[in-house]
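Chemist: need coordinates for the below:
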Amino acid sequence: MKHSLSLLIFLLLSCNASNSSQNLLNDLKTQIESGDYPNIDAVIIEHKNKVIFEEYFNGFRNIDVHQIRSAHKSITSLFAGIAVDQGLFSIEDEVGKFLTEWTNDPRGKIKIKDMLQMRSGLACEEFFSKGPDCESAMYESEDWLAYLLSVPSRHQPGTTWEYSSMEPDLVGTIIARASGMTLMDFADQYLFGPMGIENFEWEITPDGRGYSAGSSRMLPRDMLKIAQLVRNKGNWQGRQLVSSNWIDESTDCYIPVEMSFLEYSGLEEQKFNSALYGFFWYIERLEHETIDTEVLFASGNGGQYMMLIEDYDLALVFNGSNYGSRLGKMPFEMIVNYIIPFVDSL
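Modeler: The predicted model follows:
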């Protein structure tokens, strides 16, 4: 009788714990639908290789491609890794070897690594409104590449981090020139094709290049594939598309960007840590109540994220329409208030 009673109590407690934990995700969905987390278009949560939450909002559907903005930069990092794996260039190569317009120019001494880390020294900055905002000026020009090649230097390469869309687009140009292919064909042959990513809509430059810094569109489920590829060290269903060495090196983020995504998410009275930058990827340490972990992520204006939280075996995708707003950082608050507590309760 005592054993039966103990079993009943255990089952009741387990059931209540399960219901309570599930309520966290139900509450998250309600918060989004009610507008407490406004302009969230998609959320996908994968835990231990299983999608446990996939919801779409504001009329956005799972068959619709979404703007990923600068999260594209992290995909360009993968393109660069494939090119390095193929021996097309090394990160220590000077860019003047490929950007022949700079062969006899001091800017030709910039290394590809400097471009990947956004430490090229070129006079552009889009993160803290220091400026100049070269991307906006580029959009107004008739020849985007010519504009990029006209941007002067203001820092010694490899010394100063300044967020800019110029470096990833120049890296894309280098990949295309080194491979003898358009960047779109390179992507389809070596990454998107093998992964079954068929609905990637490129931003096309006036001269017909694939813009490699942002403004493309893709399915949230395909964004999840990118996160899975990185989690699996470049291996996709048994095929090594990008070397594990590249994944390790490109996500070894150690350059402070002097800004916390968690802080900008709206979370108050917390200890915040600066995000760190790698090769077009970020890492931030998340400290909140009992949580102390790191998140690796790609980030795009408006709330576009591909994320990995290794400690909790999580892969996350967010899409939103909070363009030009700090509300684009809300997913970080969702992670510490709902997603990690849910996983912790399992």
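Chemist: contacts and neighbour counts: CA atoms only from here.
Modeler: Fine.
Chemist: contact partners for residue 184?
Modeler: 202, 210 (C-alpha atoms under 8 Å, 6 or more residues apart in numbering).
Chemist: for residue 308, which non-adjacent residue is spatially closest?
Modeler: residue 315 (4.7 Å; C-alpha to C-alpha, 6 or more residues apart in numbering).
Chemist: strands paired with the helix or strand hosting the one you found, and their directions?
Modeler: If you go by DSSP states H and E, residue 315 is part of strand 314-320. Strands adjacent to strand 314-320 in the sheet, as given by DSSP bridges, are strand 40-47 (antiparallel), strand 304-309 (antiparallel).
Chemist: of these, flag the one that's most buried.
Modeler: Among these, strand 304-309 has the highest mean neighbour count (mean count of other C-alpha atoms under 10 Å), at a mean of 26.
Chemist: contacts for it?
Modeler: Outside of strand 304-309, the residues within contact range by C-alpha under 8 Å, 6+ apart are 67-69, 71, 223-224, 226-227, 231, 293-299, 314-320, 328.
Chemist: just stretch 310-320 next, same as before
Modeler: Outside stretch 310-320, the residues touching it (C-alpha under 8 Å, 6+ apart) are 39-48, 66-68, 220, 223-224, 227-228, 293-295, 302-309, 328, 331, 340, 343.
Chemist: how about a cut-off of 7 Å?
Modeler: 39-48, 220, 223-224, 227, 293, 302-309, 328 (C-alpha atoms under 7 Å, 6 or more residues apart in numbering).
Chemist: per the annotation, how does the chain divide into domains?
Modeler: Using automatic domain parsing, the domain ranges for the chain come out as 37-67+233-345, 70-218.
Chemist: let's have those in TSV, adding distance to residue 25 and mean pLDDT.
Modeler: TSV is the format used below for these (distance: least, C-alpha to C-alpha, whole Å; pLDDT from 0 to 100):
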stretch	distance to residue 25	mean pLDDT
domain 37-67+233-345	7	97
domain 70-218	25	97
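Chemist: residue 106 and residue 154, how far apart?
Modeler: From residue 106 across to residue 154, the span is 12 Å (C-alpha to C-alpha, to the nearest Å).
Chemist: and if you look at residue 297?
Modeler: 29 Å.
Chemist: among the two, which residue is more densely surrounded?
Modeler: Ranked by neighbour count (other C-alpha atoms under 10 Å), residue 297 and residue 154 place residue 297 first, with 25 against 12.
Chemist: that's a helix at the more buried one, yeah?
Modeler: No - read with DSSP: H, G, I helix; E, B strand; the rest coil, residue 297 is strand and lies in no helix.
Chemist: how near is it to residue 104?
Modeler: Counting by C-alpha to C-alpha, the gap from residue 297 to residue 104 is 37 Å.
Chemist: strands of this structure, residue ranges please.
Modeler: 40-47, 50-56, 66-67, 217-218, 235-236, 239-240, 255-256, 276-277, 282-288, 291-300, 304-309, 314-320 (DSSP state E).
Chemist: same list (those strands) but as JSON lines, adding distance to residue 79.
Modeler: What follows is those, written out as JSON lines (distance: least, C-alpha to C-alpha, whole Å):
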{"stretch": "strand 40-47", "distance to residue 79": "24"}
{"stretch": "strand 50-56", "distance to residue 79": "26"}
{"stretch": "strand 66-67", "distance to residue 79": "19"}
{"stretch": "strand 217-218", "distance to residue 79": "16"}
{"stretch": "strand 235-236", "distance to residue 79": "14"}
{"stretch": "strand 239-240", "distance to residue 79": "13"}
{"stretch": "strand 255-256", "distance to residue 79": "21"}
{"stretch": "strand 276-277", "distance to residue 79": "18"}
{"stretch": "strand 282-288", "distance to residue 79": "17"}
{"stretch": "strand 291-300", "distance to residue 79": "14"}
{"stretch": "strand 304-309", "distance to residue 79": "16"}
{"stretch": "strand 314-320", "distance to residue 79": "20"}
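Chemist: so which residue is smack in the middle of the protein?
Modeler: Centroid-nearest residue in the chain, with C-alpha atoms, centre = their mean: residue 298, separated by 1.1 Å.
Chemist: tell me the bridge partners for that residue.
Modeler: residue 306.
Chemist: please apply the same query to residue 46.
Modeler: The residues that residue 46 bridges to, once DSSP bridges is applied, are residue 51, residue 315.
Chemist: was I right about it contacting residue 52?
Modeler: Yes - here residue 46 reaches residue 52: they are 5.7 Å apart, a contact under C-alpha atoms under 7 Å.
Chemist: dump the strands paired with strand 314-320 to CSV, plus distance to residue 269.
Modeler: Formatted as CSV, the strands paired with strand 314-320 follow (distance: least, C-alpha to C-alpha, whole Å):
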stretch, distance to residue 269
strand 40-47, 24
strand 304-309, 23
